[in-house]
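[1] from the sequence below, what's the structure:
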Amino acid sequence: MATIKKRGDSYLIRVSCGYDINGKHMEQSMTWKPEKGMTPKQIKKEVERQATLFEEACNYGYKTSAIKFQELAEEWFEEYANLNLRHTTLYRMRNITHRVYPLLGHLRIDKITVRHIQGFINSLAKEGANINTGKPLSRKTIIHHLTFISDVFSYAIRSGLVSDNPCSKVIIPKGESKEKEIYSQEEMMKLLSLMQDQPLKYRVFFFLLAYSGFRRAEMLGLEWKDVDFDNCTISVRRTANYVSGVGTYTDTTKTRRSQRTLKIAVQIIEMLRDLQDEQADEALRLGDKWVDTDRIFTRWNGETMGSHTPYKWLRDLCDANELPFYGIHSFRHFAASSMISAGIDVTTVSGALGHCNSATTLNIYSHVFQTAQARVSEAMDCVFGFLQKG
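    Residues are numbered from 1 along each chain as shown. Model prediction:
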């Protein structure tokens, strides 16, 4: 039921909209001002009509710009994010709300300024922002926070609540530039040689990872039907991911270009043949306990290998042999660096890695490309060295 209250020469109309997720009463309001010359009777009739129209609009989901950021963000999750975002992205966005809501959630969407958002973003780059390490958040994580806020504002613009997105004027703090940790050729050879006596599935996993540069989720999503043993190729068609509350699930690749087919070394293809035979023997031994998923990398019973399993296994191997541990993604960086050092052009490298475009590859591996180009320059200097004689 709408309530009407006279304020000076205008009228404030309020409509109750129930309660928010914290049990707080919500309402929407509008101001109506009568035109000059209207009689008291005309004003009474018109303000009641305006109140009825406004109440009906609110009942059908109309929102005013007085809506708080948290309420609108929850609506964005319900109306857009839950329907369109990948599980991993949605999970990350939900985690981000734990920092965003306490600082911005109570503010009206139309009252949030660039200064509000800039102050919040700057706070993430200060010591203590990461409660686990006491350090600032990484630049990538800070960008994720700004992206979430920006997405909510874009939704507000589409809903007609605000006219512009203040996030477009926010500057990401530069922070410390951390060079990617990549295994050297010698370190990688030592690491792979140590795996010769290790369980076959881990040996195949890391040999293929170092050779192909596949993402971890792509590796775990590989199925036997993706391997062409005759032509020595492997096709990436899906990913296997894990999200708390959802568990392990199959998803599409990160981008459309991530679906790709790579030529693989004969030696690794032969290792895959051995793994397939070993898996078939194990399935026969376990009988009804074996779960036929067709996945290449599995748990003991045929289910998809857990996403953290290869990470923990590699870390334990490195610790036991006093080798540096740079994580699973470092194998992808190693493969990319090896391709670039071998003189493969950026377009081909980009396609092999499944990047959305070559610019992404250049941006991530700019230092490696510069080093490779410097070697070309040195080689050409030697070729043209005779010009300096005499």
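[2] quick one: residues in contact with the longest strand along the chain.
    In the chain, ranked by residue count with DSSP state E as the criterion, the top strand is strand 10-19. Strand 10-19 is contacted from outside by 1-6, 25-34, 47, 50-51, 54-55, 58, using CB atoms under 8 Å, 6 or more residues apart in numbering. Heads up, the C-betas are built off the backbone N, CA and C, glycines and all.
[3] show me what whichever helix or strand comes after it is packed up against.
    Using DSSP states H and E, the helix or strand that follows strand 10-19 in sequence is strand 25-32. Secondary-structure packing of strand 25-32 (3 or more CB pairs under 8 Å, 6 or more residues apart in numbering; DSSP states H and E): strand 10-19, helix 40-59.
[4] can you rerun that using 10 Å?
    Under the contact criterion of 3 or more CB pairs under 10 Å, 6 or more residues apart in numbering; DSSP states H and E, strand 25-32 touches strand 2-7, strand 10-19, helix 40-59.
[5] tell me the buried residues in it?
    Neighbour-count burial for strand 25-32, with 16 or more other CB atoms under 10 Å as criterion, is recorded at Q28, M30, W32.
[6] next, format those as JSON lines and append distance to E186 and pLDDT.
    Formatted as JSON lines, those follow (distance: CB to CB, whole Å; pLDDT from 0 to 100):
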{"residue": "Q28", "distance to E186": "67", "pLDDT": "76"}
{"residue": "M30", "distance to E186": "71", "pLDDT": "80"}
{"residue": "W32", "distance to E186": "77", "pLDDT": "87"}
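[7] want to throw those into CSV with distance to V246?
    Output for those, formatted as CSV (distance: CB to CB, whole Å):
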residue, distance to V246
Q28, 35
M30, 41
W32, 48
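[8] circling back: and the longest strand of the chain with helix 40-59, angle?
    Computed by axes from the mean of the first three to the mean of the last three CA atoms, to 10 degrees, the angle separating strand 10-19 from helix 40-59 equals 30 degrees.
[9] tell me the mean pLDDT over stretch 6-26?
    Stretch 6-26 carries an average pLDDT of 80.
[10] make 470 the starting number, not 1.
    Fine by me, first position is 470 from now on; the one you just mentioned is stretch 475-495.
[11] rewinding a little: so which of the helices and strands packed on strand 494-501 gets nearest T616?
    Between T616 and the helices and strands packed on strand 494-501, the shortest gap by CB to CB is with strand 479-488, which sits at 28.6 Å.
[12] check the offset of that closest one from the chain's centre.
    Centroid separation between strand 479-488 and its chain, computed with CA atoms, centre = their mean, to the nearest Å, is 39 Å.
[13] now it and strand 471-476, what's the angle there?
    Going by the same axes, to 10 degrees, strand 479-488 makes 150 degrees with strand 471-476.
[14] what pairs with strand 479-488, parallel or antiparallel?
    Applying DSSP bridges, strand 479-488 is found paired with strand 471-476 (antiparallel), strand 494-501 (antiparallel).
[15] turn those into CSV, including distance to S807.
    Shown next, in CSV, are the strands paired with strand 479-488 (distance: least, CB to CB, whole Å):
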stretch, distance to S807
strand 471-476, 69
strand 494-501, 57
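[16] ok, which of the ones you listed comes nearest A828?
    strand 494-501 (44.6 Å).
[17] residues contacting that closest one, please?
    The set of residues external to strand 494-501 that reach it, using CB atoms under 10 Å, 6 or more residues apart in numbering, is 471-474, 476, 479-489, 512, 515-516, 518-520, 522-524, 526-527, 531-537, 540.
[18] make it 7 Å
    479-489, 516, 519, 523, 527, 533, 535 (CB atoms under 7 Å, 6 or more residues apart in numbering).
[19] now do stretch 782-795
    Taking CB under 7 Å, 6+ apart as the rule, stretch 782-795 contacts E650, Y652, E656, K659, L660, L663, Y671, F675, I797.
[20] any buried residues in it, and which?
    For stretch 782-795, burial by neighbour count (16+ other CB under 10 Å) applies to W782, L783, L786, C787, Y795.
[21] before we move on, what about stretch 762-770?
    T762, R764, I765, F766, T767.
[22] which of the contacts of strand 494-501 count as buried?
    Buried members of the contacts of strand 494-501, scored by 16+ other CB under 10 Å, are Y480, I482, R483, V484, C486, V516, Q519, F523, C527, T533.
[23] same list (those residues) but as TSV, adding distance to D746.
    As requested, the buried ones among the contacts of strand 494-501 are exported to TSV (distance: CB to CB, whole Å):
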residue	distance to D746
Y480	82
I482	76
R483	73
V484	70
C486	64
V516	82
Q519	78
F523	72
C527	66
T533	67
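[24] what is the nearest of the residues you listed to K694?
    C486 (52.4 Å).
[25] excluding chain neighbours, what is closest to that closest one?
    Computed as CB to CB, 6 or more residues apart in numbering, the closest residue to C486 that is not its neighbour in sequence is M495, at 4.4 Å.
[26] from the buried residues of stretch 762-770, pick the one nearest D814.
    So of those, ranked by how close each gets to D814 (CB to CB), first place is I765, at 29.9 Å.
[27] who are the contact partners of F800?
    Contacts of F800 by CB under 7 Å, 6+ apart are F675, L678, A679.
[28] could you count how many residues lie near the first one?
    Here the count is done by other CB atoms under 10 Å, and F675 has 22 residues near it.
[29] need phi/psi at it.
    With angles defined as degrees, to the nearest 10, F675 sits at phi -80, psi -30.
[30] on that earlier part again, quick one: the contacts of stretch 782-795 as CSV, columns for distance to I813, secondary structure and pLDDT too.
    Listed next are the contacts of stretch 782-795 as CSV, based on distance: CB to CB, whole Å; DSSP: H, G, I helix; E, B strand; the rest coil; pLDDT from 0 to 100:
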residue, distance to I813, secondary structure, pLDDT
E650, 22, coil, 79
Y652, 19, coil, 88
E656, 22, helix, 92
K659, 24, helix, 94
L660, 23, helix, 94
L663, 28, helix, 94
Y671, 28, helix, 97
F675, 22, helix, 97
I797, 23, coil, 93
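[31] no further questions, thank you.
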